[in-house]
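Asks: Let me see the structure of the following:
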Amino acid sequence: MSPRLQRAPGVTIGDIAAAARVSRSTVSRAFTRPQLLSPETVDHVRAVATRLGYVGNQAARALSTGRFGNIAVVVPDIANPFFPPLVRSLQSAAETADLAVFLGDSDESAEREAKLIARLAPQVEGFVLASSRLSEELIRELAATRPVVLVNRDLDGIPRVLIDSSGGMTEAVMLLKKLGHQRIAYLAGPRDSWSDQQRREVLTSAASGLAVEVIEVGRPSYAAGRDSVSAIVRSGATAAIAFDDVVSQGVLAGLELRGISVPSDFSLIGCDDTLAALTTPALTSVSAGAATAGTAAAKLLIQLLEDPTAECVTIATHLVIRATTAAVTDGAMR
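Replies: Reported below is the predicted structural model:
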């Protein structure tokens with residue numbers, strides 16, 4: 001993180017401005033909003049400040065301005081491999097604006113999410129809420145008091161980044177149709193997940209001519225996927241689309257325990273493309289662009305801190321075909 005100004009004895013911001021041959025406002029911006037200046041100007045001003053004896057002091061700046069230089073991102077499950085790339089890219093983008101990132105994990109609990117936000121609010125300038133489980137009312141209450149950017153939650157009037165699953169999900173359904181599957185299962189995610197709601201809607205519209213069995217797995221996890229195999233077998237489906245790759249990984253393990261081979265006996269598609277290349281066989285999956293979403297969310301929040309906006313950024317998805325999908329054969333599950 002870049003240093004903040006702390007006055008050395010006998011040295012003023014005016015001294016730095018005079019030595020650097022820039023204005024006082026340029027000196028201030030070099031330490032508080034460096035994105036407004038060229039990198040060369042920022043480096044020059046900071047080098048002069050260091051030579052004159054200024055050192056970093058975030059607390060002093062917060063006391064004088066009320067701005068702490070921190071933002072917070074809250075996710076529902078940091079153990080889910082979708083979220084670390086999002087947080088990492090968000091942090092990298094935030095650092096370009098000299099902002100530190102606090103991370104909160106709500107553990108899929110709206111109540112815990114609300115408590116985390118209440119604890120973090122006095123220390124941060126804004127929030128990124130990823131896949132928030134909060135009610136719309138609570139999100140709007142927060143947005144009225146702090147800059148808020150949503151990821152995968154679509155509320156009008158609030159800046160948001162939406163990973164649009166419709167393209168990739170439609171491609172997934174079309175692939176299974178082309179391969180001859182007539183009955184498929186959808187291993188659903190949390191009911192209060194915007195992504196899950198969108199995927200259900202796409203299945204309803206795109207799966208015309210297919211029988212679709214929705215299997216509720218609750219909180220997405222390896223164990224939930226593994227335990228869903230009994231319901232998959234009872235459904236008579238010859239293929240499944242899972243809410244995410246973590247669930248898919250569990251399904252692969254559960255099918256193997258039953259002696260069901262993928263893809264010769266059963267086809268499987270995941271979502272988010274986070275573990276796909278690490279499974280055996282390599283998992284066909286719908287891309288998610290988590291890292292892209294993190295960068296976009298950070299940029300929206302940085303913009304929001306300077307100028308209120310209600311921009312919506314949409315990230316398209318597509319199907320990445322690997323080795324867990326194949327044509328229906330006589331040996332396939334029936």
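
Asks: And for the residue most central in space within the chain, nearest residue in space, chain neighbours not counted?
Replies: Most central in the chain under C-alpha atoms, centre = their mean is L86, positioned 4.5 Å from the mean C-alpha point. Setting aside the residues directly before and after it, L86 is nearest to G294 in space (C-beta to C-beta, 6 or more residues apart in numbering), at 3.9 Å. Glycine gets a C-beta too; all of them are placed from N, C-alpha and C.

Asks: so what's the one you found up against?
Replies: Contacts for G294 (C-beta atoms under 8 Å, 6 or more residues apart in numbering) come out as P85, L86, V87, R88, S89, L90, Q91, A93, V151.

Asks: Just the buried ones among the residues you listed, please.
Replies: When burial is judged by neighbour count using 16 or more other C-beta atoms under 10 Å, the buried members of the contacts of G294 are P85, L86, V87, S89, L90, Q91, A93, V151.

Asks: Could you give the bridge partners of the last one?
Replies: The residues paired with V151 through beta bridges, assigned by DSSP bridges, are A130, V161.

Asks: Quick check: the gap between it and A296.
Replies: Per C-beta to C-beta, to the nearest Å, V151 is found 8 Å from A296.

Asks: which residues do those two both contact?
Replies: V161.

Asks: which residues touch L155?
Replies: Listed by C-beta under 8 Å, 6+ apart, the contact partners of L155 are E136, I139, R140.

Asks: Give me the three-state assignment for the nearest residue to the first one once chain neighbours are set aside.
Replies: Nearest in space to E136, with sequence neighbours left out and distances taken as C-beta to C-beta, 6+ apart, is L155 at 6.0 Å. Each residue gets one of three states, and L155 gets coil by DSSP: H, G, I helix; E, B strand; the rest coil.

Asks: Show me the contacts of L155 that map onto helices.
Replies: Among the contacts of L155, the ones falling in helices (DSSP state H) are E136, I139, R140.

Asks: From those residues, pick the one nearest R51.
Replies: Within the set of the ones in helices among the contacts of L155, I139 lies nearest R51; the separation is 46.7 Å, counting by C-beta to C-beta.

Asks: That closest one and V101: what is the separation?
Replies: From I139 across to V101, the span is 20 Å (C-beta to C-beta).

Asks: Give me the below-cutoff pLDDT ranges for the chain.
Replies: 1-11, 54-67, 331-334 (pLDDT under 70).

Asks: let's see 50
Replies: Low-confidence regions of the chain, defined here as pLDDT under 50, cover residues 1-10, 56, 59-60, 63-64.

Asks: Please enumerate the strands of it.
Replies: For the chain, applying DSSP state E gives strands covering 70-75, 100-105, 127-130, 148-151, 160-164, 183-188, 211-216, 239-242, 267-272, 284-287, 312-316, 319-320.

Asks: Pull out the buried residues from the second one.
Replies: It stands for strand 100-105. A100, V101, F102, G104, D105.

Asks: Give me the nearest residue to the first one, chain neighbours excluded.
Replies: On the basis of C-beta to C-beta, 6+ apart, the spatially nearest residue to A100 that is not a chain neighbour turns out to be N70, at 4.9 Å.

Asks: Return the residues in contact with that neighbour.
Replies: Listed by C-beta under 8 Å, 6+ apart, the contact partners of N70 are L99, A100, V101, F102, Q123, V124, E125.

Asks: show me what contacts the fifth one?
Replies: By C-beta under 8 Å, 6+ apart, the contact list for Q123 reads F68, N70, A72, F102.
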